[in-house]
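1. Provide a 3D model corresponding to the input given below.
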Amino acid sequence: MESSLRSAAFGDGMPPPSPFAVPASPRGRLLAAIGLGARGRYAAAATLLNGLRAGKEPVAASLAASALASHRRQLGGHAAALALDGEALARVIKEPRGEPDPDGLDAEGARADALLGLAADNLGRGRLAAARRLLARAVVHTGNWRTRTRAGWVGAEIELASNISAAGIAPAEMALETARARGAVRHVVKSQLVLGVTIVNAGSAERDRAKALVESARETAEKYEFNSLLWVACLVEADFRAGHADEYRFRGAELLHAVLRHADPCGRRLARESPWVPR
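-> Below is the predicted model:
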């Protein structure tokens with residue numbers, strides 16, 4: 001069961017057979033929560049993650065806090081995510097390295113997740129200098145593919161927010177190459193979105209490539225029901241397809257509504273209050 005959950009979270013994207021029993025192990029519950037969050041089932045994910053946060057195993061608790069922070073951030077709740085990422089870092093700041101995990105579900109990966117989360121939280125709140133400092137601290141821990149991929153996303157997004165989008169192409173390209181090499185379908189989807197948006201904002205002549213990247217991301221997210229990314233992909237694709245923009249925006253709004261129906265009360269409140277989430 002744990003191998004199929006790991007594959008769903010970090011590999012081929014196929015969900016485990018349903019219904020499935022929630023694993024007893026902390027790592028199994030973490031993987032199940034990550035898979036649920038990817039499909040926009042935030043309330044079910046939060047139940048598992050909050051249980052892990054309350055546990056005595058520091059690495060699992062830290063990774064759970066970071067995952068929940070990511071879900072809050074996806075709904076525009078950067079301040080709420082900041083507190084969770086701070087909690088995540090505090091849980092593992094002095095933890096020994098321990099046995100490495102291929103996907104970064106270890107102490108080193110947990111430290112990187114927390115630092116990258118803090119960088120993204122500060123980025124979302126307009127604190128670009130702080131975001132850059134935190135990214136630089138996180139890069140020290142980029143020993144696994146997932147951390148390198150996420151560092152590429154955050155690096156590209158910092159350059160976008162700093163209006164020097166051309167500098168964001170290299171980290172976005174690196175993120176996509178890394179995710180593809182791992183065969184991590186969900187991470188490829190997000191990397192395609194980040195790279196497509198970065199190319200366009202950089203004024204690159206490769207607009208056709210950016211369009212193809214975004215289209216591929218939307219189609220793959222639709223195929224695997226990655227609803228946490230699909231509603232965003234639809235809104236991004238609306239900017240590429242002038243003749244069908246309303247259609248894609250309507251679809252994006254429809255998907256967002258479905259995601260919010262499966263969010264916990266805190267997630268729904270954050271989305272309502274966020275300037276980043278469409279009404």
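2. in the stretch 1-150 of the chain, which spans are helices?
-> For the stretch 1-150 of the chain, the helices defined by DSSP state H, counting those that start in this stretch occupy 2-10, 26-38, 42-53, 58-74, 78-92, 107-124, 128-139, 145-161.
3. Let me have those in TSV, adding distance to residue 274 as columns.
-> Yep, even glycine has a C-beta here, placed from its N, CA and C like the rest. What follows is the helices of the stretch 1-150 of the chain, written out as TSV (distance: least, CB to CB, whole Å):
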stretch	distance to residue 274
helix 2-10	25
helix 26-38	17
helix 42-53	14
helix 58-74	10
helix 78-92	8
helix 107-124	9
helix 128-139	18
helix 145-161	16
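4. Considering those helices, which stretch scores lowest in mean pLDDT?
-> In terms of average pLDDT, helix 2-10 trails the rest of the helices of the stretch 1-150 of the chain, at a mean of 90.
5. what sits up against that one?
-> The contact list for helix 2-10 (CB atoms under 8 Å, 6 or more residues apart in numbering) reads 13-17, 23, 25, 27-28, 31-32, 34-35, 38, 103, 146, 182, 184, 186-187.
6. Could you dump the helices of the stretch 1-150 of the chain into CSV with mean neighbour count added?
-> Output for the helices of the stretch 1-150 of the chain, formatted as CSV (neighbours: other CB atoms under 10 Å):
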stretch, mean neighbour count
helix 2-10, 20
helix 26-38, 24
helix 42-53, 21
helix 58-74, 26
helix 78-92, 22
helix 107-124, 26
helix 128-139, 18
helix 145-161, 23
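7. For residue 222, find the nearest of these.
-> Nearest to residue 222 among the helices of the stretch 1-150 of the chain is helix 26-38 (13.3 Å), distances taken as CB to CB.
8. mind checking the SS state of residue 193?
-> helix (DSSP: H, G, I helix; E, B strand; the rest coil).
9. Count the neighbours of it for me.
-> By the criterion of other CB atoms under 10 Å, residue 193 has 24 neighbours.
10. and the residue nearest to it when sequence neighbours are not counted, helix, strand or coil?
-> Once flanking residues are discounted, residue 193 sits nearest to residue 217: 4.9 Å by CB to CB, 6 or more residues apart in numbering. The three-state assignment at residue 217 reads helix, by three-state DSSP.
11. so residue 217 touches residue 189, yeah?
-> Yes - counting by CB atoms under 8 Å, residue 217 touches residue 189, with 4.7 Å between them.
12. More neighbours: which of the two?
-> Each of residue 217 and residue 189 has its neighbours counted (other CB under 10 Å); residue 189 has more, 29 against 26.
13. picking that back up, who touches both of residue 217 and residue 189?
-> Counting by CB under 8 Å, 6+ apart, the residues touching both residue 217 and residue 189 are 229, 233.
14. any idea how far residue 170 is from the residue nearest the centre of the chain?
-> When CA atoms, centre = their mean is applied to the chain, the residue found nearest the centroid is residue 70 (6.0 Å). Distance check for residue 70 against residue 170: by CB to CB, to the nearest Å, it reads 24 Å.
15. Ok, residue 14 next?
-> 31 Å.
16. Looking at those two, which one has more neighbours?
-> Comparing residue 14 with residue 170 by other CB under 10 Å, the one with more neighbours is residue 170, at 14 against 11.
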